[in-house]
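> structure here, sequence nowhere to be found:
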């Protein structure tokens, strides 16, 4: 028994000694790149060899190293053996946003992070480095990755609207209404009223003194100050505004700023459609109706021509929508035939006294004529003004459908 114990004691005396390692302390294990870390060995040793895992090495009991972006394990070799620390995570995080964005707009933020780590913003995660956010203020966005933050901001463009209140006639009181949304985006600078002393096109401009983080914006509104009464021979900006408005709702007229026969006939057509007295003159009442009017509706679908005997107007219709409204004068005796007809003959020029006629039944045609009064006056054809006759002729090919109704 004593012999066995002695053998065991001798064997234990020559067995390898287990090494517990030296032990290492680090000043930091994570932070923003470039990250400076101090490593200190916790044991006595004849030598200390450090390998920082990024290709750099050092010697000494306490060493300092600067890590570029990435994740690294540091190894210490000493008399006590080998110690591995880590990992040290040196984080590079950037966040980019559009330089400018409209208020309320959705934009994409881009995050770039090294090493690959989850990136969040307000509890939402970036997916493939992207995150959509809505722009509601100029406050910067802050992204986070492993405790490291990055910010980005956009200059926010608010919405500035400009309008007027009041009838824009000479001598009227017309207020300027400028509204900034959101209201705290800056201070608005704008005139209080439009100068209405003479007929002209007033260009009203509003600007802002922006609050911090907001963009300065401006808005200009062209306001036609109208002469309330126009008649043949009138000219200037009020006539031009009349013509532009009539064209906008598809009435046939020439835009030249001179109240000529074409304006009279277009005014007649509008008065017929709107049930106004057929005077051919523009009054304040006419303006008030014109400024809110819409293009009249066609009665039938498809591409065709409609002649409305009751209202004494002709419609060129495309895809069921009125493309052109032309004053007409039908048969004085009411003999312009009601029904559905088709153009069977066309003459490019004069055919007797008919200018550019498109015949749809026997001798009945749509044609240009020097006299187109606001009431039925023809022998039975649908007269239209000479100046627009070639245009209408070109819009009515052979075979076109012509609806005549009362």
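Here it is on my side, so go on. Predicted model only: the values in this text are computed from it and were never measured. Numbering: from 1, shown residues only.
> longest strand anywhere in this structure?
strand 81-96 (DSSP state E).
> show me which positions of it end up buried.
By 16 or more other C-beta atoms under 10 Å, the buried positions in strand 81-96 come out as 83, 85, 88-93, 95. For every residue, glycine as well, the C-beta is placed using N, CA and C.
> that strand packs against which elements?
strand 24-26, strand 30-32, strand 35-41, strand 70-78, strand 106-114, strand 141-145, strand 148-152 (3 or more C-beta pairs under 8 Å, 6 or more residues apart in numbering; DSSP states H and E).
> what are the ranges of the helices in the stretch 151-300 of the chain?
Per DSSP state H, counting those that start in this stretch, the stretch 151-300 of the chain carries helices over the ranges 237-248, 261-274, 284-290.
> what count of nearby residues applies to residue 333?
Neighbour count for residue 333, taken as other C-beta atoms under 10 Å: 10.
> returning to that earlier point: residue 34: which of the buried residues of strand 81-96 is nearest?
residue 90 (6.7 Å; C-beta to C-beta).
> show me the contacts for the closest one.
Each residue near residue 90 by C-beta atoms under 8 Å, 6 or more residues apart in numbering is listed here: 30-35, 67-72.
> do that again at 6 Å, thanks
Contact analysis of residue 90 by C-beta atoms under 6 Å, 6 or more residues apart in numbering lists 33, 35, 67, 69-70.
> what's the angle from the longest strand of the chain to strand 141-145?
160 degrees (axes from the mean of the first three to the mean of the last three C-alpha atoms, to 10 degrees).
> adjacent strands (with direction) for strand 81-96?
strand 30-32 (parallel), strand 70-78 (antiparallel), strand 106-114 (antiparallel) (DSSP bridges).
> buried residues, the next helix or strand after that strand. List them.
On the C-terminal side of strand 81-96, the closest following helix or strand by DSSP states H and E is strand 100-102. Across strand 100-102, burial judged by 16+ other C-beta under 10 Å covers residue 101.
> so residue 72 touches residue 53, yeah?
Yes: counting by C-beta atoms under 6 Å, residue 53 is a contact partner of residue 72 at 3.8 Å.
> and the two? which has more neighbours close in?
Neighbours were counted for residue 72 and for residue 53 using other C-beta under 10 Å; residue 72 has more, 22 against 19.
> would you mind listing the residues in contact with the closest residue to residue 135 other than its chain neighbours?
Leaving aside its sequence neighbours, residue 135 sits nearest to residue 101 (C-beta to C-beta, 6 or more residues apart in numbering; 4.4 Å). Applying C-beta under 6 Å, 6+ apart to residue 101 gives the contacts 107, 135, 154.
> cutoff 7 Å now
Neighbouring residues of residue 101 by C-beta atoms under 7 Å, 6 or more residues apart in numbering: 107, 135, 154, 156-157.
> beta-bridge partners for it, please?
Beta-bridge partners, per DSSP bridges, of residue 101: residue 156.
> tell me how far it lies from residue 33.
29 Å (C-beta to C-beta, to the nearest Å).
> pLDDT weak spots in the chain?
1-20 (pLDDT under 70).
> most neighbours of all the contacts of residue 101, which one?
Neighbour-wise, the contacts of residue 101 (other C-beta under 10 Å) top out at residue 156, 23 neighbours.
> doesn't residue 139 make contact with that residue?
No: the pair residue 156 / residue 139 is not scored as a contact, 9.4 Å apart, by C-beta atoms under 7 Å.
> what is the nearest of the contacts of residue 90 to residue 343?
Looking across the contacts of residue 90 and measuring by C-beta to C-beta, the closest to residue 343 is residue 69, at 78.5 Å.
> verify the contact between the closest one and residue 32 for me.
No: using C-beta under 7 Å, residue 69 makes no contact with residue 32, being 9.1 Å away.
> need the overlap of contacts for these two.
Common neighbours of residue 69 and residue 32 (C-beta under 7 Å, 6+ apart) are residue 91.
> quick one on the thing from earlier: can you tell which of the helices and strands packed on strand 81-96 is closest to residue 337?
Across those, closest to residue 337 is strand 106-114 (C-beta to C-beta), at 60.2 Å.
> quick one: buried residues of that closest one?
107, 109-111, 113-114.
> CSV for the residues you listed, including distance to residue 390?
As requested, the buried residues of strand 106-114 are exported to CSV (distance: C-beta to C-beta, whole Å):
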residue, distance to residue 390
107, 53
109, 59
110, 59
111, 64
113, 70
114, 72
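> what count of nearby residues applies to residue 175?
Neighbour tally, residue 175, other C-beta under 10 Å: 12.
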